[in-house]
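> Got a predicted model here, sequence first, then my questions.
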Amino acid sequence: MTALLTRRKVLAGMGVLGLGLLAGCDTRGQLSYKYGKDLSNKIMGRTFKLKNTDGETMTLSSFRGMMPMVFFGFTQCPAVCPTTLARAAKIKKLMGADGDRLQVIFISLDPERDTPEILDAYMKAFDPTFVALYGTLEETAATAKEFDVFYEKVPAGDTYTISHTATSYVYDSNGGLRLGLSTSLSAEQCTEDLLTVMEVC
Amino acid sequence: MQPVLNHIKHAVIGFSLLGLAFQATAATKVDDAWVRATVPTQSASGAFMTLTADSDSKLLSVATPVAKDVQIHEMTMKNDVMSMGPVKFVELPAGKAVKLDPNGYHVMLMGLTGQLKEGESVPLTLTVENAKGEKETIEVKAPVRALTNMEGHDHSKMH
């Protein structure tokens, strides 16, 4: 009898704990990050609709249950884009088993030159689980606007390069925006903050 | 010893045969040159290196047979916005090692003639001009390193 009661109490306790965890997911702005910028009071990326390299339409909710880390760039970019993707690959490794829940998403700002084939090969060079998304020029502009991402073409000879916001945007597994990671942070620093997000969701 | 002899030889040839004094001032050192690998049909990549000139000079241009157009670009970061654009030259102050790396100046190889694969090497021809207006050309063989190379992302020293 006593044993049964105790078991009930334990079960009830677990229930309360579970509720607490769920509530934690919805309570925004309560995490403190050591390096990244808390973006939990911002609303970004709720409505974008872009294609992946298999031609499937993807939205933020396509990645529900994962922790998406979104980054904008273009594959002709020789510096910050490959180094940020290489950092993301390193972060995923540093996170160990938790890294399986990190979904790196690269959104192309250069759909005219970034064909699905190039994007696919480019992502796979870093990590086979990385996803690249692209849209029409209008969809790209709308998505960038939604993320408050600045980008502009810079003429370079008879071609162009692109200046752009290089922040990585991190969501929790319920699709709540959490964290902005600057390019100046190391993989180790990012990992620490990402694990903080993961503790809650 | 050998390189010094070579320099003297160049100098002698320069003065006596061609009368081109600037050949004797061959004086810009290129270290750690590398080019980032590409995926198939990717049309642009970057070349990186460290340059040290022994007198105040400028890097004017870079040429390579693997790209139709080569430009020197400067990357700047402000409020986490990465800005990139062509520059006319890169200042090489006397004795100072100037890094062309993913955090600053770099050489853009545009209109690549083919995929750049890790392990290959890319010939680069640099043109440097000193304060007297004398031009020097330097030939470099830059190895192609992995697309995923993180060189230039060591920010730990900044904090």
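Yep, it's here. Numbers count the residues shown, from 1 in each chain, chains lettered A, B, ... in the order given.
> Point out the residues in chain A that sit beside chain B.
When proximity is defined as CB under 8 Å from any CB of the partner chain, chain A approaches chain B at A:75-80, A:82-83, A:85-87, A:89-90, A:113, A:115, A:117-118, A:121-122, A:125-126, A:150, A:154, A:156-159, A:161-167, A:180, A:182-186. C-beta here means a position set from N, CA and C on the backbone, and glycine is covered the same way.
> If you go by neighbour count, which of those are buried?
A:75-80, A:82-83, A:85-87, A:89-90, A:113, A:115, A:118, A:121-122, A:125-126, A:150, A:156, A:159, A:161-167, A:180, A:182-183, A:185-186 (16 or more other CB atoms under 10 Å in any protein chain shown).
> Please settle this for me: is residue B:52 part of a strand?
Yes. Using DSSP: H, G, I helix; E, B strand; the rest coil, the secondary structure at residue B:52 is a strand.
> if you look at the buried ones among the residues of chain A next to chain B, which of them are in strands?
Secondary-structure check on those using DSSP state E: residues within strands are A:156, A:159, A:161-165, A:180.
> For the closest residue in space to residue B:143 that isn't next to it in sequence, which residues are in contact?
Nearest in space to residue B:143, with sequence neighbours left out and distances taken as CB to CB, 6 or more residues apart in numbering or on different chains, is residue B:121 at 5.0 Å. Listed by CB atoms under 8 Å, 6 or more residues apart in numbering or on different chains, the contact partners of residue B:121 are B:141-144.
> so what pLDDT did residue B:121 get?
Residue B:121 carries a pLDDT score of 97 in this model.
> Show the backbone phi and psi for it.
Its backbone dihedrals place residue B:121 at phi -130, psi 150, with angles given as degrees, to the nearest 10.
> That one and chain A, how far apart?
When CB to the nearest CB, to the nearest Å is applied, the distance between residue B:121 and chain A equals 18 Å.
> now residue B:38
Using CB to the nearest CB, residue B:38 is found at 8 Å from chain A.
> pretty sure residue A:107 belongs to a strand, no?
Yes. When classified by three-state DSSP, residue A:107 is found to be part of a strand.
> what's the nearest residue to the residue most central in space within chain B if we skip its chain neighbours?
To find the centre residue of chain B, average its C-alpha atoms and take the closest one (CA atoms, centre = their mean): that gives residue B:49, at 5.5 Å. Once its chain neighbours are removed from consideration, residue B:49 has its nearest residue in residue B:33; the separation is 3.8 Å (CB to CB, 6+ apart).
> Now the buried members of the contacts of residue B:121.
Neighbour counting by 16+ other CB under 10 Å classes B:142, B:144 among the contacts of residue B:121 as buried.
> how about the nearest residue to residue A:111, chain neighbours excluded?
Nearest to residue A:111 is residue A:134, by CB to CB, 6+ apart, at 4.7 Å.
> Now for the one you found: which residues touch it?
Going by CB under 8 Å, 6+ apart, residue A:134 touches A:50-51, A:53, A:107-108, A:111, A:114, A:116, A:119, A:140.
> The ones in strands among the buried ones among the residues of chain A next to chain B: which two are farthest apart?
Spatially, the most separated pair among those is A:159 and A:180, at 30.5 Å (CB to CB).
> Okay, helices next: where are they in chain B?
Using DSSP state H, the helices of chain B run over residues B:2-13.
> For the chain, which residues score under the pLDDT cut-off?
Picking chain A for this. A:1-30, A:201 (pLDDT under 70).
> hm, I was asking about chain B
B:1-26, B:152-159.
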